[in-house]
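Trainee: Take this sequence and fold it.
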Amino acid sequence: MLNLYPDLPAGHDVKFMEMSDGIKIRTVRWQTSAAEVQGHVVIVQGYREFIEKYDELIQEFLDKGYHVTTLDHRGQGLSDRMTDNREKAYVGSFDDMVSDLATVLKETGYDQGPDMPRVLVAHSMGGHVSLRFMHDYPDMFDRAILMSPMWGITMDGMLTRSLVKMAMSMGFSTAYAPGQAGLTRQTRKLISQTILTHDRARYDKETGFLRNNPDLYLRGATYGWLDAALESIDIIHAEGYVEQLETPCLVIRAGDEKLVDNDKSQQIIDRLQNVKSIVIPDALHEIYRESDIYRDQMWAKISDFLEMKS
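Mentor: Reported below is the predicted structural model:
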């Protein structure tokens, strides 16, 4: 049988699910072959990402005895894009991504599956979407692992917010934000090697994924994406919002973070009821595909967290 997704770990079950507004979302599930099943992990990806980037992390969870479910967010990966130009990052509201995740989990029967530990694992923007999901669906997960969560962005400020609001009022929601249109694949590669991971080999795998399937590529953010992100950041920082969350969380942040605002993340951490937090010194943003010296620390904390008694 022809394998349409050769860069995904073996045993994948790929489905495209239609959301209530007609958008089709790529979902993938794996069943662990381990003799003893430890639980079921749901992985929620970050901005501009696609499932193939998580191949190593997925395989590690499978080897450790966890079933895995994941998805491409609307507007990226192989899910439907939101503008005629598929290289533009756009989403009308982060509410939509929260709703998509809920729909996927319901349609796959995850919310009514066997009685086993259910673990949410998220990176960057996925950590933002996951925080909102746990707020709206407090009983879905037993634990959550949130890596480099996007609970604030470095470009946030009065000037950025004013520019975004002006552009939105003028009907430029699908136009590239400043500096985003010129981010070609080559310039992205040069920038990414200095801010995402120290591990050249792991980073270069992404180049191979994009070469094998160019439709995975996403160039840069639109005003609409920035507006939705800033609006959602305000939601999670509102008084009383995160205080309602009771799901035990492990937050892992990069010590050499250049994309998300770790100070804003600390504000959320300080208000969560049930949280353990670690900063991995010198690690860059994409901890899950960092060099082994950083990933080993990540896995040590994850293993300890998952073995804890509730």
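
Trainee: Give the other helices and strands that the helix or strand where Thr160 lies contacts.
Mentor: Thr160 belongs to helix 158-169 when assigned by DSSP states H and E. Packing contacts for helix 158-169, counted by 3 or more Cβ pairs under 8 Å, 6 or more residues apart in numbering; DSSP states H and E, involve helix 223-237. All C-beta spots, glycine's among them, are computed from the backbone N, C-alpha and C.

Trainee: next SSE after the helix it packs on?
Mentor: strand 249-254.

Trainee: next structured bit after that following strand?
Mentor: helix 262-271.

Trainee: May I have the strands that pair with the helix or strand that comes right after that next one, each with its orientation?
Mentor: Downstream of helix 262-271, the first helix or strand assigned by DSSP H and E is strand 275-280. The pairing partners recorded for strand 275-280 under DSSP bridges are strand 249-254 (parallel).

Trainee: who touches the strand it pairs with?
Mentor: 143-149, 262, 265, 269, 272, 274-280, 283-285, 287, 298, 301-302, 305 (Cβ atoms under 8 Å, 6 or more residues apart in numbering).

Trainee: who does the helix or strand encompassing Met97 touch, helix- and strand-wise?
Mentor: Here Met97 sits within helix 94-107, counting by DSSP H and E. Judged by 3+ Cβ pairs under 8 Å, 6+ apart, helix 94-107 is in contact with strand 13-18, strand 24-30, strand 39-44, strand 66-71, helix 125-136, helix 223-237.

Trainee: these two touch, right, Gly65 and Val37?
Mentor: Yes. At 5.5 Å, Gly65 counts as touching Val37 under the criterion of Cβ atoms under 8 Å.

Trainee: returning to that earlier point: which parts of the helix holding Thr160 count as buried, going by neighbours?
Mentor: Going by neighbour count (16 or more other Cβ atoms under 10 Å), the buried part of helix 158-169 is Thr160, Val164, Ala167.

Trainee: do the same with stretch 15-34
Mentor: Met17, Met19, Ile23, Ile25, Arg26, Thr27, Val28, Arg29, Trp30, Thr32.

Trainee: State the mean pLDDT of stretch 19-30.
Mentor: Across stretch 19-30, the average pLDDT comes to 98.

Trainee: Kindly apply the preceding question to stretch 105-124 instead.
Mentor: 88.

Trainee: start to end distance for it?
Mentor: 20 Å (Cα to Cα, to the nearest Å).

Trainee: likewise stretch 14-32?
Mentor: Note: stretch 14-32 ends 15 Å apart using Cα to Cα.

Trainee: low pLDDT regions in the stretch 51-200 of the chain?
Mentor: Residue ranges of the stretch 51-200 of the chain with pLDDT under 70: 112-113, 182-193.

Trainee: give me the number of residues near His198?
Mentor: For His198, the number of neighbouring residues by other Cβ atoms under 10 Å comes to 18.

Trainee: Number of residues surrounding the closest residue to it other than its chain neighbours?
Mentor: Nearest residue to His198, sequence neighbours excluded (Cβ to Cβ, 6 or more residues apart in numbering): Ser291, at 4.6 Å. For Ser291, the count of nearby residues is 16 (other Cβ under 10 Å).

Trainee: Please look at Ser291 and Arg200 and confirm they touch.
Mentor: No. Look at Ser291 against Arg200 with Cβ under 8 Å: they stay out of range, at 9.1 Å.

Trainee: Would you agree Arg295 falls within a helix?
Mentor: Yes. Under DSSP: H, G, I helix; E, B strand; the rest coil, Arg295 sits within a helix.

Trainee: neighbours around it, how many?
Mentor: 21.

Trainee: Who are the contact partners of it?
Mentor: For Arg295, the residues meeting the contact criterion (Cβ under 8 Å, 6+ apart) are Ile287, Tyr288, Arg289.

Trainee: Closest to Leu210 out of these?
Mentor: Checking the contacts of Arg295 against Leu210 by Cβ to Cβ gives Arg289 as the nearest, at 14.7 Å.

Trainee: Now do the closest one, the pLDDT please.
Mentor: pLDDT, Arg289: 96.

Trainee: SS state for the residue lying closest to it once chain neighbours are set aside?
Mentor: Spatial nearest neighbour of Arg289, excluding adjacent residues (Cβ to Cβ, 6+ apart): Arg202 at 4.4 Å. Assigned state for Arg202: helix (three-state reduction, three-state DSSP).
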